[in-house]
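Asks: test case, fold it:
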Amino acid sequence: MADGDSQKRHQREVLCTRFEERLECVLDRLYGTALRLTRNPDDAEDVVAEAVERAWEKLPELRDWGHFEGWMFRILNNTFCTQWRRRRSRQDHEASWDELPADAEDAASFSLFRKLHQPFLLWWGTAEQQFVDGLDQEDLARAVDALPDAYRLVVVLVELQGYTYEEAAALLAVPVGTVRSRLNRGRGLLQKALWEYGRQTEQGSPSCQKPPGDGEERQ
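Replies: Numbers count the residues shown, from 1 in each chain. Sure thing, here's the model as predicted:
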């Protein structure tokens, strides 16, 4: 019996060491993703901590260590979205997060295609990509971070992390149509912000103006 207990302890220590080593390789990126989702360092740390705890509990479900990174990010996203849905359920009496302030309505339908006189093919084409490539990465990050929550989340999940509409809808517990609608409006807000940043850069002025719709926005 003693030998059996000793062997189990050894196996657990080996497993714990392996988990910690794999986790260390992705921890910075986990925190960066959590920060993009929460926009708050303390909240990001809480999300990562809870995700790590969940991952350790679910570790027996991981069949292939080669998939550890993707598995870990799925747990992180699920952890955040669970917390987000809990907060939303306590705020149902407040205004809809899909409502935009008056100064952001026009920005939601903004398109770089019209500004750059390109035919409409995709939401983000070659001319637009060349334009954005000239922007500072901090401007890009700030533009995403400043999106109202409802739109920022679908942009981060779909555009930055590659989730399908259906997967994002399941994570956020909303209809697929809602994801499509929020993504379209989020793209408009994001493009408007990037256009303004680009113009400020060309004029040699600091990117100090916040994108339309910045601030607390409720679903």
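
Asks: ranking helices and strands of this protein by mean pLDDT, which lands last?
Replies: helix 112-115 (a mean of 42; mean pLDDT, DSSP states H and E).

Asks: in this structure, spot the helix with the most residues.
Replies: Counting by DSSP state H, the longest helix found in the chain is helix 2-38.

Asks: buried residues in the helix or strand that it is followed by, which are they?
Replies: Of the helices and strands lying after helix 2-38 in sequence (DSSP states H and E), the nearest is helix 41-58. Under the neighbour-count criterion of 16 or more other Cβ atoms under 10 Å, helix 41-58 has 44, 46-48, 50-52, 54-55 buried. (Each C-beta comes from the backbone N, C-alpha and C, glycine too.)

Asks: out of those, which is nearest to Thr79?
Replies: Nearest to Thr79 among the buried residues of helix 41-58 is Ala51, at 4.3 Å by Cβ to Cβ.

Asks: contacts only, for the closest one.
Replies: Residues in contact with Ala51, defined by Cβ atoms under 8 Å, 6 or more residues apart in numbering, are 30, 34, 72, 75-76, 79-80.

Asks: what packs against the helix or strand encompassing Arg88?
Replies: If you go by DSSP H and E, Arg88 is part of helix 68-89. Counting contacts by 3 or more Cβ pairs under 8 Å, 6 or more residues apart in numbering; DSSP states H and E, helix 68-89 packs against helix 2-38, helix 41-58, helix 165-172.

Asks: what angle do the second one and helix 68-89 make?
Replies: Using axes from the mean of the first three to the mean of the last three Cα atoms, to 10 degrees, one finds that helix 41-58 and helix 68-89 are set 120 degrees apart in direction.

Asks: what do you get for the longest one?
Replies: What separates the directions of helix 2-38 and helix 68-89 is an angle of 60 degrees, with the same axes, to 10 degrees.

Asks: quick check, pLDDT for the residue nearest to Leu62 when sequence neighbours are not counted.
Replies: Once flanking residues are discounted, Leu62 sits nearest to Trp71: 5.8 Å by Cβ to Cβ, 6 or more residues apart in numbering. Reported pLDDT at Trp71 in the predicted model: 93.

Asks: count of residues packed around Trp71?
Replies: Using other Cβ atoms under 10 Å, Trp71 has 19 other residues around it.

Asks: go on, the one 4 residues further on?
Replies: Ile75 is flanked by 19 other residues according to other Cβ under 10 Å.

Asks: can you check Asp139 too?
Replies: Asp139 is flanked by 20 other residues according to other Cβ under 10 Å.

Asks: for the helix or strand encompassing it, give the mean pLDDT please.
Replies: Assessed by DSSP H and E, Asp139 sits inside helix 137-145. Helix 137-145 shows a mean pLDDT of 78 in the predicted model.

Asks: so which elements touch it?
Replies: Secondary-structure packing of helix 137-145 (3+ Cβ pairs under 8 Å, 6+ apart): helix 2-38, helix 176-202.
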